[in-house]
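Chemist: would you be able to build a 3D model of this:
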Amino acid sequence: MAATGTLRVLVGLLCVALSAGARAQDSYPSKPVRIMVSFAAGGPTDQVARVMSAKLTELLGQTFVVENKTGAGGNIGAADVARAAPDGYLLLMATVFVIVNLLVDILYGIADPRVTIG
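Modeler: Take a look at the predicted model:
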């Protein structure tokens with residue numbers, strides 16, 4: 001029984017020693033966040049994004065900027081977000097149809113003309 005207690009103490013000390021080098025990261029968001037709307041300014045998707053960005057700015061204390069990038073039924077803006085760095089500072093505001101198109105492109109490689117589906 002004493003060996004089990006000693007083992008627990010050693011494991012605890014090991015965990016403390018290993019975590020000593022851990023550093024706290026900056027709180028998110030530490031810089032302005034962009035929200036890409038894949039439809040024209042003034043439309044319903046844009047209006048929802050602007051209301052959300054104002055509330056997020058108020059709650060998190062960091063600026064959320066709405067950008068509109070239209071074209072191809074929303075797919076151009078979605079593709080830009082998909083190619084962006086995965087750091088959480090570029091978000092996508094789109095409809096379900098744009099998301100489905102983006103997932104089909106990613107999963108099945110539709111952009112590659114050599115790929116055949118069927």
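Chemist: can you pull out the low-pLDDT segments for the protein?
Modeler: In the prediction, the chain carries residues with pLDDT under 70 at positions 1-25, 106-118.
Chemist: strands along that one, start to end?
Modeler: All strands of the chain, identified by DSSP state E, fall at 33-37, 64-68, 90-93.
Chemist: dump those strands to CSV, plus distance to residue 53 and mean neighbour count.
Modeler: Placement of C-beta: from N, CA and C, glycine included. Shown next, in CSV, are these (distance: least, CB to CB, whole Å; neighbours: other CB atoms under 10 Å):
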stretch, distance to residue 53, mean neighbour count
strand 33-37, 6, 20
strand 64-68, 4, 17
strand 90-93, 9, 20
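Chemist: adding distance to residue 54, write these out as a markdown table.
Modeler: As requested, the strands of the chain are exported to a markdown table (distance: least, CB to CB, whole Å):
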| stretch | distance to residue 54 |
| --- | --- |
| strand 33-37 | 11 |
| strand 64-68 | 8 |
| strand 90-93 | 13 |
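Chemist: so which of those strands gets nearest residue 104?
Modeler: Relative to residue 104, the nearest member of those by CB to CB is strand 90-93, separated by 15.6 Å.
Chemist: give the contact list for the residue nearest to residue 29 when sequence neighbours are not counted.
Modeler: Using CB to CB, 6 or more residues apart in numbering and skipping residues adjacent in sequence, the residue nearest residue 29 is residue 62, 4.3 Å away. Residue 62 sits next to 29-33 when contact means CB atoms under 8 Å, 6 or more residues apart in numbering.
Chemist: which one of the strands of the chain lies closest to residue 83?
Modeler: Nearest to residue 83, of the strands of the chain and by CB to CB, is strand 90-93 at 9.8 Å.
Chemist: ok, now how distant is the residue nearest to residue 92 when sequence neighbours are not counted from residue 56?
Modeler: Nearest residue to residue 92, sequence neighbours excluded (CB to CB, 6+ apart): residue 81, at 4.2 Å. Distance of residue 81 to residue 56, computed by CB to CB, to the nearest Å: 17 Å.
Chemist: and if you look at residue 68?
Modeler: Counting by CB to CB, the gap from residue 68 to residue 56 is 17 Å.
Chemist: any idea what the residue nearest to residue 46 when sequence neighbours are not counted is bridged to?
Modeler: Leaving aside its sequence neighbours, residue 46 sits nearest to residue 37 (CB to CB, 6+ apart; 5.0 Å). Here residue 37 sits in beta bridges with residue 68, residue 93, going by DSSP bridges.
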